[in-house]
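Undergrad: Based on what follows, work out the 3D shape:
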Amino acid sequence: MKPKRIIREAEFRSRLGGCSHSTFWRRQQTDPNFPAKVRLGPNSVGFYDDEVDAYIGSLPRVGAEAPN
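TA: Below you'll find the model as predicted:
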């Protein structure tokens with residue numbers, strides 16, 4: 001079994017289009033679908049790569065038409 005890849009906040013923010021730390025924090029607090037943190041140590045967290053991909057894939061596309 002292949003271990004899950006963990007990414008840090010900086011890479012996650014980059015995948016979201018380079019959002020600021022405060023925007024990233026706000027999403028964590030308000031979006032119930034936001035991926036859960038993975039505790040890496042006493043002062044560090046990360047996120048599972050596959051959960052980040054799924055979350056980003058679930059976001060609405062900018063400029064996409066609403067379904068009928």
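Undergrad: now the helices: where do they sit in the chain?
TA: 9-15, 21-30, 49-58 (DSSP state H).
Undergrad: So which of those helices is nearest residue 37?
TA: Of all the helices of the chain, helix 21-30 sits nearest to residue 37, with 8.0 Å by CB to CB. C-beta: built from backbone N, CA, C; applies to glycine.
Undergrad: So what's the gap between that closest one and the chain middle?
TA: The chain centre lies 10 Å from the centre of helix 21-30; the measure is CA atoms, centre = their mean, to the nearest Å.
Undergrad: Show me what counts as buried in it.
TA: Applying a neighbour-count criterion of 16 or more other CB atoms under 10 Å, one finds residue 27 buried in helix 21-30.
Undergrad: Let's see it as CSV, backbone CA atoms only.
TA: Extracted as CSV, the C-alpha positions of helix 21-30 are listed here (Å, rounded to 0.1, in the frame of the first residue of the first chain):
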residue,chain,number,x,y,z
HIS,A,21,-3.0,33.2,4.3
SER,A,22,-6.0,35.1,5.7
THR,A,23,-8.2,34.0,2.8
PHE,A,24,-7.0,30.4,3.3
TRP,A,25,-7.8,30.6,7.0
ARG,A,26,-11.2,32.0,6.3
ARG,A,27,-12.0,29.1,4.0
GLN,A,28,-11.0,26.6,6.7
GLN,A,29,-13.4,28.3,9.1
THR,A,30,-16.4,28.7,6.9
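Undergrad: Run through the neighbouring helices and strands of it.
TA: Under the contact definition 3 or more CB pairs under 8 Å, 6 or more residues apart in numbering; DSSP states H and E, helix 21-30 sits against helix 9-15.
Undergrad: what does the helix it packs on rub up against?
TA: 19-21, 24, 45-47, 52, 56 (CB atoms under 8 Å, 6 or more residues apart in numbering).
Undergrad: residues touching the residue nearest the centre of the chain, list them.
TA: The chain has residue 52 as the residue nearest its centroid, 4.4 Å off, counting by CA atoms, centre = their mean. By CB under 8 Å, 6+ apart, the contact set of residue 52 is 7, 12, 15, 35.
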